[in-house]
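Novice: Sequence first, then the predicted structure, then my questions.
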Amino acid sequence: MENLTGNQRPPKSWLVESILVTLFCCLPFGLVGIINSANVESRFYAGDIEGAKRASEEAGKWTKIGFWVAIGCILFYVVILLTGISAFIPFLKNLSF
Amino acid sequence: MNKRIKQWIKPVILCCIFASLIIIYRFFDPQSSGVFPVCPFKKYTGLLCPGCGSQRAIHDLLNLNLLEAFKENSMVVLALPYLITGTIFDFLKNPNKRILKWRKMLFGKTAIYIILIIIIAFWIVRNINFI
């Protein structure tokens, strides 16, 4: 098994992206991404290349979800800010920008 | 021709976004401007999340105030060099054995679990002491 994986790199583990999402966007999805990137590494070095690929896809999926949720929230926020809707709706007023 | 444009359009757009973000965070202070997004977790629980203060930290870093940035969010400041190293490792084509060994050590399973523990510990500690 060592020889099999000796000269290859594991599939993309999305670790950097997951940490960025955790710190700057959306904590829960970022943490799921980090856990999945740990799975990528451990499965790959255990010789389970298929499993590592699956974990890689999973990690990418959660990282992207976290990223787009955050972008969506920021856009929502910007739209409210620009249109001034928050002045009229009590719930939005509580968000107080 | 069309293919070439397609190949370049994504990196160019990303670079533009990145550059404008740097300019925004360089010249506008998230603390006083009041137009930057607020952390929803902090907003509704009153507690700090591990990422709270990262916008202020980035602003301070871009203005070369390392100490202030460290006070706002020490983990972001410490994480940046690590993340840059990780990005470089990701972009290396055909890594040799030594690079792969370093990669496994710095970005392998153990390292990732240590990072997870650090993030969660930082989250707890900063809410106790307000570091």
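Specialist: Ah, there it is.

Novice: Contact residues of chain A facing chain B?
Specialist: A:6-7, A:9, A:12-13, A:15-16, A:19-20, A:22-25, A:27, A:31, A:34-35, A:37-38, A:41-42, A:45, A:73-74, A:77, A:81, A:95, A:97 (CB under 8 Å from any CB of the partner chain). C-beta: built from backbone N, CA, C; applies to glycine.

Novice: Now list the buried members of these.
Specialist: Buried members of the residues of chain A next to chain B, scored by 16 or more other CB atoms under 10 Å in any protein chain shown, are A:9, A:12-13, A:15-16, A:19-20, A:22-25, A:27, A:31, A:34-35, A:37-38, A:41-42, A:45, A:77, A:95.

Novice: which residue ranges form the helices in chain A?
Specialist: Along chain A, counting by DSSP state H, helices occupy A:2-6, A:15-20, A:27-45, A:49-83, A:90-95.

Novice: check which helix or strand covers B:Ser32.
Specialist: helix B:30-33 (DSSP states H and E).

Novice: For the longest helix that chain B contains, buried residues please.
Specialist: The longest helix of chain B (DSSP H) is helix B:2-27. Residues of helix B:2-27 classed as buried by neighbour count (16+ other CB under 10 Å): B:24-25.

Novice: quick one: contacts for the nearest residue to B:Gly108 once chain neighbours are set aside?
Specialist: Excluding its sequence neighbours, the residue lying closest to B:Gly108 (CB to CB, 6 or more residues apart in numbering or on different chains) is A:Glu41, at 5.0 Å. Residues near A:Glu41 by CB atoms under 8 Å, 6 or more residues apart in numbering or on different chains: A:10, A:13, A:52, B:104, B:107-109, B:112.

Novice: Mind doing that once more with 7 Å?
Specialist: Going by CB atoms under 7 Å, 6 or more residues apart in numbering or on different chains, A:Glu41 touches A:10, A:13, B:108-109, B:112.

Novice: Enumerate every residue touching A:Val32.
Specialist: Neighbours of A:Val32 in contact, by CB under 7 Å, 6+ apart: A:Trp62.

Novice: what do you get if the cut-off is 10 Å, keeping everything else the same?
Specialist: Shown in contact with A:Val32 (CB atoms under 10 Å, 6 or more residues apart in numbering or on different chains): A:18, A:21-22, A:58-59, A:61-63, A:65-66.
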